[in-house]
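Asker: Sequence first, predicted model second:
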Amino acid sequence: MLDLKFVRENPDIVKQNIKNKFQEQKLPLVDEVIELDAKRRSAQQEADKLRAERNKLSKQIGGLMGQGKKEEAEAVKKQVGADSARLEELSVLEKELDEKVTKIMMVIPNIIDPSVPIGKDDSENVEIKRYGEPVVPEFEIPYHTEIMERLDGLDLDSARKVAGNGFYYLTGDIARLHSSVISYARDFMIDRGFTYCVPPFMIRSNVVTGVMSFAEMDAMMYKIEGEDLYLIGTSEHSMIGRFIDTIIKEDKLPYTLTSYSPCFRKEKGAHGIEERGVYRIHQFEKQEMIVVCKPEESPMWFDKLWQNTVDLFRSMDIPVRTLECCSGDLADLKIKSIDVEAWSPRQKKYFEVGSCSNLGDAQARRLKIRVDGENGKYFAHTLNNTVVAPPRMLIAFLENNLQEDGSIRIPEVLQPYMGGKKELR
C-alpha cells in the first residue's frame, strides 16, 4: 500500500505506474482517493475546531454559573449541545471516508522499481542468466508421474478418492526423497546464516490482507468456515505476520529467517497438460526465506535471496535460469521480482520452481511494522523467496537425474539425507 501523502503529491507518477502495469481500469481511483482524502481532512479540521470551541465554552459555562448568570449559561449550553451533535455527524463521516480511502488504497499498485521491464504478462518476462548446461539425453524421459509410479512412489487414484483432484500420496523412496530435499534446503539456509522457523499454518484475515492483494487472496486462500482463519498459501504469510503492530529497534535488523510449512492453494483456472500430475496441486510443502530489513538494504538482500535458490539447485546438479518479471506479471504489492526456473530435459524447456520478491514497505505499511531508527520511525522493507518447493521441484530433480536404465542418481549433497543411498531403483 502506498503512502497517501505520496499519492496526493505525485498523482501523475502513480497513474503512470498503473499504466505500466496495464491496469488502466484503476486510473480513476487516483483522483477519487485524492478527493475523498480532501473531504476527510476537511471533516477532521472542522471537528478539531469544534472540539476546541466546545472546551472553551464548557469553561465559560462554569464561570457564568458561578456569577449567577443562569440564562447566559443555558444559552452557551445549547451551543455546546449543537456542537456535540455536529461532532457526532463528523465522526460518522470521518469513519465512512476512512473506510472508502483505505479500500481504494488497498488496490492501487505499489510503485515498481525503475529496472523492471515493461510488459503485459509473463510471456514478456526477460531472461537474465543461465546456470549449468541444459542436457537432453539420447533416451526418452517419461512423464514425471510415470517415473514416480515405476518406483512405487506415487498414488494419485487413492488421493482422488480421499480428497479429490489436486492431491497425492507419496510413498517409499519418493516420499523419503521429498523429505530429504526439504531437510537439505533447511540446513542449506541455516548454513547461510538464516534462523530456522516453523510458523502457524493458519492466519487471521487482517494478516491475509496485510501480506497480499485482494486478487491474490481470492485466487489462492482457503477460508476456514465459521472462523476468522485462513490456511496459508506459503509460510511468508505467517512469517511476515509475526511482526504485525511492532516497532523494531534498528540495531536488530536485518531479520533473516527460513521457514518450513505445508502450503494450501485453490489454484483456480484451467491449466495445460504439462501441469497435471504433481505440478499444480492444492497441497504441497515448502522451505521459504524471509528478510525484514532497512529500506536501503533491500536491493542487496534481493540479490542474495534469488542467488541462494540458484546455488541450492546447482548443488544438486540441476540447470536453472533466472527471469526478470515484467511489470504486468508483478502482483500489486511487489516492486521487483525474479523467477528461478529449472531445466526440464523431457520438455526441452525451463519451468518455474521459485520466485523471489521485494515488496518494499507495502506489507510493513499495511501491518504497521515500523523501525525505531536514529532519525525517527520508518516502515521496514520485506522480501521473500522460495528455497525449494517439492513435489514440483521433484519433477526437475527426477528428470535431470534419471539414468538410461530407469534408476535415479542421488547427488552427493543429498546422500546423507537418504541413508547413504547413491541411486534409487
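Answerer: That came through fine.

Asker: now stretch 181-191, how far from the chain's geometric center?
Answerer: 22 Å (C-alpha atoms, centre = their mean, to the nearest Å).

Asker: whoops, stretch 403-419 was the one
Answerer: So, by C-alpha atoms, centre = their mean, the centroid of stretch 403-419 is 34 Å from its chain's centroid.

Asker: So which residues make contact with it?
Answerer: 137, 139, 147, 150-151, 176-177, 179-181, 183-184, 315-317, 398, 401-402, 421-425 (C-beta atoms under 8 Å, 6 or more residues apart in numbering). In short, each C-beta sits where N, CA and C put it, glycine included.

Asker: I'd like the mean pLDDT over whichever helix or strand Val310 is part of, please.
Answerer: Val310 is part of helix 298-315, with elements assigned from DSSP states H and E. Mean pLDDT, computed over helix 298-315, is 98.

Asker: Report the buried members of the contacts of stretch 403-419.
Answerer: 147, 151, 176-177, 180-181, 184, 316, 398, 401-402, 421, 424 (16 or more other C-beta atoms under 10 Å).

Asker: now, which of those residues lie within helices?
Answerer: 147, 176-177, 180-181, 184, 398, 401 (DSSP state H).

Asker: where does the stretch 251-400 of the chain dip in pLDDT?
Answerer: The stretch 251-400 of the chain contains residues with pLDDT under 70 at 268-275.

Asker: let's go with 50 and repeat that
Answerer: Low-confidence segments of the stretch 251-400 of the chain, defined by pLDDT under 50: 270.

Asker: confidence score at Met65?
Answerer: 68.

Asker: what phi and what psi does the backbone show at Ile248?
Answerer: Phi and psi for Ile248, reported as degrees, to the nearest 10, are phi -100, psi 130.

Asker: try Arg204
Answerer: phi -80, psi 170.

Asker: Quick check, it in contact with Ile224.
Answerer: No - if you go by C-beta atoms under 8 Å, Arg204 and Ile224 don't touch, sitting 10.3 Å apart.

Asker: Quickly list what's touching both of these two.
Answerer: Contacts common to Arg204 and Ile224, judged by C-beta under 8 Å, 6+ apart, are Tyr230.

Asker: More neighbours: which of those two?
Answerer: Arg204 (16 against 10; other C-beta atoms under 10 Å).

Asker: For the closest residue to the more buried one other than its chain neighbours, grab the count of nearby residues.
Answerer: What sits nearest to Arg204 in space, not counting adjacent residues and going by C-beta to C-beta, 6 or more residues apart in numbering, is Asp228, at 5.2 Å. If you count neighbours by other C-beta under 10 Å, Asp228 ends up with 12.

Asker: likewise the one 5 residues further on?
Answerer: Number of residues near Gly233 (other C-beta under 10 Å) recorded here: 24.

Asker: OK, contacts around it?
Answerer: By C-beta under 8 Å, 6+ apart, the neighbours of Gly233 are 220-221, 263-265.

Asker: so which pair among those residues is furthest apart in space?
Answerer: Largest separation among those by C-beta to C-beta: Met221 and Cys263, giving 10.9 Å.

Asker: Could you export the buried ones among the contacts of stretch 403-419 as a markdown table, including distance to Ala38?
Answerer: Shown next, in a markdown table, are the buried ones among the contacts of stretch 403-419 (distance: C-beta to C-beta, whole Å):
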| residue | distance to Ala38 |
| --- | --- |
| Ile147 | 62 |
| Leu151 | 66 |
| Arg176 | 62 |
| Leu177 | 60 |
| Ser180 | 59 |
| Val181 | 55 |
| Tyr184 | 56 |
| Met316 | 57 |
| Leu398 | 59 |
| Asn401 | 62 |
| Leu402 | 64 |
| Lys421 | 68 |
| Leu424 | 66 |
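
Asker: Now Lys129. Its backbone dihedrals?
Answerer: phi -160, psi 150.

Asker: Verify the contact between Ile203 and His237 for me.
Answerer: Yes - if you go by C-beta under 8 Å, Ile203 and His237 touch, sitting 5.6 Å apart.

Asker: Looking at these two, which is more packed in?
Answerer: His237 (28 against 24).

Asker: Please name the nearest non-neighbouring residue to the more buried one.
Answerer: Val211 (5.0 Å).

Asker: show me the contacts for that neighbour.
Answerer: Counting by C-beta under 8 Å, 6+ apart, Val211 has contacts 236-237, 240-241, 333, 363, 366-367.

Asker: repeat that for 10 Å
Answerer: By C-beta atoms under 10 Å, 6 or more residues apart in numbering, the contact list for Val211 reads 203, 217, 232-234, 236-241, 244, 333, 359, 362-363, 366-367, 382, 384.

Asker: do the same with Leu333
Answerer: 1, 106, 109-110, 210-213, 216, 357, 359-360, 362-363, 365-366, 382.

Asker: cool, Leu229 as well?
Answerer: Taking C-beta under 10 Å, 6+ apart, one finds 200-205, 207-208, 222-223 in contact with Leu229.

Asker: Any figure for the gap between it and Ser205?
Answerer: Leu229 is 8 Å from Ser205, where distance means C-beta to C-beta, to the nearest Å.

Asker: Show me whatever sits in contact with both of the two.
Answerer: In contact with both Leu229 and Ser205: Lys223, using C-beta under 10 Å, 6+ apart.

Asker: how about the next helix-or-strand element following the helix holding Val310 as CSV, C-alpha atoms only?
Answerer: Using DSSP H and E, the helix or strand that directly follows helix 298-315 along the chain is strand 320-324. Taking only C-alpha atoms (Å, rounded to 0.1, in the frame of the first residue of the first chain), the coordinates of strand 320-324 have been written out as CSV:
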residue,chain,number,x,y,z
VAL,A,320,18.5,-23.3,-13.9
ARG,A,321,17.9,-19.8,-15.3
THR,A,322,16.7,-16.5,-13.8
LEU,A,323,13.9,-14.4,-15.3
GLU,A,324,13.1,-10.8,-14.5
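
Asker: name the helices or strands packed onto the next helix or strand after strand 320-324?
Answerer: Proceeding N to C from strand 320-324, the next assigned helix or strand is strand 336-344, under DSSP H and E. Under the contact definition 3 or more C-beta pairs under 10 Å, 6 or more residues apart in numbering; DSSP states H and E, strand 336-344 sits against strand 126-131, helix 298-315, strand 320-324, strand 349-358, strand 381-388, helix 392-401.

Asker: of all these, which lies closest to Glu88?
Answerer: strand 381-388 (39.4 Å).

Asker: That closest one to strand 336-344, inter-axis angle?
Answerer: Interaxial angle of strand 381-388 relative to strand 336-344 (axes from the mean of the first three to the mean of the last three C-alpha atoms, to 10 degrees): 10 degrees.
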